[in-house]
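In: I'll drop the sequence and a predicted model, then ask my questions.
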Amino acid sequence: MNASVNPEPETTGSPRLINLMTATLDTLKYLRSTVEALNREGFGEEQVSFFFGEKGLEALDPLGDQHGAGMRVVRALQLFAGEEKGLRDAAATLEEGNALLSVSTDGTEEQKKIVESVLRANHAQNIHFFGRWTTENLAT
């Protein structure tokens with residue numbers, strides 16, 4: 001299983017949500033099968049991340065208060081851009097004991113469909129795609 005666990009924003013290179021698919025997984029029940037399926041489809045550790053538990057919440061840092069002034073500015077811009085609900089939902093997911101999975105794509109419809117198909121096959125919920133200027137709610 002190749003995925004980053006609770007990656008810090010500095011480790012991933014950018015806290016921006018562009019061409020990123022996110023989903024909630026009910027606890028860790030389906031996490032392994034989801035990550036393995038994404039790996040088989042060509043998405044590696046640098047593209048697949050998941051957040052879990054208190055450390056995941058700290059790494060996600062929805063308010064930007066764990067990673068300094070730069071992250072606070074990024075979070076403020078995200079809130080200004082209307083991503084507040086997504087950040088609140090992500091934090092709630094982790095607080096409830098679920099896992100939050102994120103998959104970086106190249107933004108093409110082909111990759112979006114592949115990732116969405118894998119997520120649905122593995123019972124993911126609250127599926128979202130964050131494009132350059134839009135957020136798509138793909139939840140059923």
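Out: It's in.
In: please make it C-alpha for all contacts and neighbour counts, starting now.
Out: Fine.
In: may I have the phi/psi pair for the residue nearest in space to the middle of the chain?
Out: Nearest residue to the geometric centre of the chain (C-alpha atoms, centre = their mean): Ser102, 2.8 Å. Phi and psi for Ser102, reported as degrees, to the nearest 10, are phi -130, psi 140.
In: surely it and Gly44 touch.
Out: No: here Ser102 does not reach Gly44: they are 11.8 Å apart, not a contact under C-alpha atoms under 8 Å.
In: over to Phe130: give its phi and psi.
Out: phi -100, psi 100.
In: number of nearby residues for it?
Out: By other C-alpha atoms under 10 Å, the residues close to Phe130 number 21.
In: that one contacts Ala23, correct?
Out: No: using C-alpha under 8 Å, Phe130 is not in contact with Ala23, being 11.4 Å away.
In: SS state for Asn39?
Out: helix (DSSP: H, G, I helix; E, B strand; the rest coil).
In: off-centre distance for stretch 127-140?
Out: 11 Å (C-alpha atoms, centre = their mean, to the nearest Å).
In: can I get it in CSV? Just the C-alpha atoms.
Out: Extracted C-alpha coordinates of stretch 127-140, given in CSV (Å, rounded to 0.1, in the frame of the first residue of the first chain):
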residue,chain,number,x,y,z
ILE,A,127,-16.5,12.8,-2.8
HIS,A,128,-15.3,16.2,-4.0
PHE,A,129,-13.1,17.3,-6.8
PHE,A,130,-11.3,20.6,-6.4
GLY,A,131,-10.4,22.1,-9.8
ARG,A,132,-8.6,25.3,-10.5
TRP,A,133,-11.7,27.6,-10.0
THR,A,134,-14.4,25.2,-9.1
THR,A,135,-15.3,22.6,-6.5
GLU,A,136,-17.5,19.7,-7.7
ASN,A,137,-19.6,17.7,-5.2
LEU,A,138,-19.6,14.2,-6.5
ALA,A,139,-21.4,12.6,-3.6
THR,A,140,-24.5,10.6,-4.3
